[in-house]
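> quick one: sequence and predicted model below, then my questions.
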Amino acid sequence: MADLAQQDVSGAHTGETRRDFLILTATAIGAVGVAATIWPFIASLNPARDTLALATTEVDLAPVQLGQRLTVAWRGKPVFIDHRTPQEIKAAEDVNISDLRDPQADSARVKKPEWLVIVGVCTHLGCIPLGQKTGDDRGPYGGWFCPCHGSIYDTSGRIRQGPAPANLVVPPYEFTADTTIKIG
Amino acid sequence: MAQTRLSATSRVIRWIDFRLPFVGMLQRELYDYPTPRNLSYWWNFGSLSGIMLVVMIVTGVFLAMQYTPHADLAFDSVERIMRDVNWGWMMRYAHMNGASMFFALVYIHLFRGLYYGSYKQPRELLWILGVIILILMIMTAFMGYVLPWGQMSYWAATVITNLFSAIPLIGQNIVTFLWGGFTVGNPTLNRFYALHYLLPFVILAVVFLHLVALHRFGSNNPLGIDKRGPQDTLPFHPYFTIKDLFGLAVFLLIYSFFIFYAPNFLGSSDNYIPANPMRTPNHIVTEWYLLPYYAILRSVPNKLLGVILAFGSIFLMFIVPWLDTSPVRSARFRPVYKWVFWLLVIDVIALGWVGANPPEGLVVTVGQIATLYYFVHFLILFPVIGKLERPRPLPASIAAAVLQGGRATALGAAGAPLAEP
């Protein structure tokens, strides 16, 4: 007890900074410890390894007629495949790019102009736009129309009207044969 | 008074109360609690909301005993509750419609506060705790709506979580984090179930704080003036316990009507279709109690701004006590605000209508005007009216106003046979 008191006194003489330093480092180590403890809890909410296991989807395009649209599932999301007609390709290419909200040339969004491959998830709030089935409302640009909040996409899947900020996403894919693609 | 009654009780109760001063607290806060004598039926909605919270927790716990939180099994387990579990249909309809009733009560409670200035000094924290409860309720209701895993459940979860994708740079990462995957799926359902069970108890805790803050200064009242002494108040029991119980009986009639005669009137039939991640329903709407926020979200043609305004419309409530510059609480004595208040009511109903209809033509225009008005109302009209308006003279005290008013009624009703005694 007496020792302690003496230390306190000497501390007051020589080391206000020493005490400050100890409090500071102790607090800092404590904060790091708390953060390190919280980390696993937060991280456990991110996608698990089985979910992350990157799935690929192979699609045979041969049966898809000109003008027909096909929906396939990739990572639980719908992917739209559109066998575009020459008119649709021309409509997509003739757009003045500087007029677009998310400027992108049609040629930058396709590997072969007659095949458009896009993720069918509206970039606004994640609804699936209409336009894949015959009789669906395709919107004034002949592409896709999102019924949730009225976003309108053209024949290249680019946003033209409505609240969505970006074009429909082009997933990573490659042609493994002339009429076969591998998505993912 | 309290002393004598407590000492008149049994020795066991006194023994307990000496060590755990709980009985005395209950007596003080629920029995003697001096309450303004002029409270109208608009003051029933707080206690009704509290009772509804208990009903939701009880029905919810029993539903949880029958429900399976898995993407492949959830829908069928809810159908099993509806068809096979004894009284399961009633439990679920009570829970489902209970959510609607809870929001209806809380919204009336909130508008009551806005009309009578219940948020003003010294009740700012009471009001803020109420807003926190509302936000927690919205989160809880949303996650509960996802659990049956129908089409509306799935797409509501998708659309609402996607609101966070509007955040620049890290938006998409946050959404993936919320989902625990690349789309709404089983991990999402599991965590929503856990949180849907947890949050009501958090609400319970905040309600307790709400009550502590309420009992610090007591209820506001239709005159909006402070109580000045015993002549202005009545003990809570039996006067207001009875009044609350009568209100409860009326409320339960309405609630029962929905449970037993129109259980699906407030819901969407699309939610009886199992969730299909490949097909969005043609017309997505939220439950009625979220329609105004949804309308604000849709009225703004920019994603980020729409999300900010939709959230902002609720968060704005936090600063209402400081936006209103008028020193007078009750709208009864505020000749201009009295009418402007009803514009807000109409505006919110208009927003609800906009949210319920597809965003085309007139709906969009009305939505944009109503959204603009909502923010003008709080951010411009509130401070400006408070400054410019000349309030009518306030009565000297609650007792004076009540007794004077009582005499006037008695005189006026002298010839009427149905006059109150």
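That came through fine.
> burial count for B:P222?
21 (other C-beta atoms under 10 Å in any protein chain shown). For glycine as for every other residue, the C-beta is placed from the backbone atoms N, C-alpha and C.
> contact residues of chain A facing chain B?
Applying C-beta under 8 Å from any C-beta of the partner chain, we find that chain A lies next to chain B at A:45-48, A:51, A:71, A:73, A:75-78, A:124-130, A:146-150, A:162-165.
> show me what the host helix or strand of B:R112 is packed up against.
Assigned by DSSP states H and E, B:R112 belongs to helix B:88-115. If you count contacts as 3 or more C-beta pairs under 8 Å, 6 or more residues apart in numbering or on different chains; DSSP states H and E, helix B:88-115 packs onto helix B:45-64, helix B:74-83, helix B:124-146, helix B:236-261, helix B:337-356.
> how many neighbours does B:L403 have?
13.
> quick check: phi and psi at it.
Note on B:L403: backbone dihedrals following degrees, to the nearest 10 are phi -70, psi -40.
> ok, it to B:S397 distance?
For B:L403, the distance to B:S397 (C-beta to C-beta, to the nearest Å) stands at 9 Å.
> in contact with A:C122, which residues?
For A:C122, the contact set (C-beta atoms under 8 Å, 6 or more residues apart in numbering or on different chains) comprises A:I128, A:P129, A:C146, A:C148, A:H149, A:S151, A:A164, A:L168.
> only whichever of the residues of chain A next to chain B are buried, select them in ChimeraX.
Buried residues within the residues of chain A next to chain B, by 16 or more other C-beta atoms under 10 Å in any protein chain shown, are selected in ChimeraX with:
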select /A:46,47,51,75,77,78,124,125,126,127,128,129,130,146,147,148,149,150,162,163,164
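> mind listing which of the residues of chain A next to chain B are in helices?
Residues of the residues of chain A next to chain B located in helices (DSSP state H): A:T51.
> just the CA atoms of stretch A:165-181, as CSV, please.
This file holds the C-alpha atoms of stretch A:165-181, laid out as CSV (Å, rounded to 0.1, in the frame of the first residue of the first chain):
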residue,chain,number,x,y,z
PRO,A,165,-28.7,3.7,-62.8
ALA,A,166,-26.8,1.1,-65.0
ASN,A,167,-27.1,-1.2,-67.9
LEU,A,168,-28.0,-4.9,-67.4
VAL,A,169,-24.7,-6.6,-66.5
VAL,A,170,-22.9,-8.7,-69.0
PRO,A,171,-21.7,-11.8,-67.2
PRO,A,172,-18.3,-13.4,-67.9
TYR,A,173,-18.8,-16.0,-70.6
GLU,A,174,-17.1,-17.5,-73.6
PHE,A,175,-18.0,-19.5,-76.7
THR,A,176,-16.7,-23.0,-76.2
ALA,A,177,-18.0,-24.0,-79.7
ASP,A,178,-19.8,-22.2,-82.4
THR,A,179,-23.2,-22.5,-80.7
THR,A,180,-22.2,-23.3,-77.1
ILE,A,181,-21.4,-20.8,-74.4
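> buried set for it?
Here stretch A:165-181 shows A:N167, A:L168, A:V170, A:P171, A:Y173, A:I181 as buried, counting by 16+ other C-beta under 10 Å.
> which non-adjacent residue is nearest B:W149?
Nearest residue to B:W149 in three dimensions, chain neighbours excluded: B:A74, at 3.9 Å (C-beta to C-beta, 6 or more residues apart in numbering or on different chains).
> tell me how many other residues crowd that neighbour.
With other C-beta under 10 Å as criterion, B:A74 counts 24.
> cool, the one 10 residues further on as well?
Around B:D84 there are 10 other residues, counting by other C-beta under 10 Å.
> what separation do you get for it and B:F260?
20 Å.
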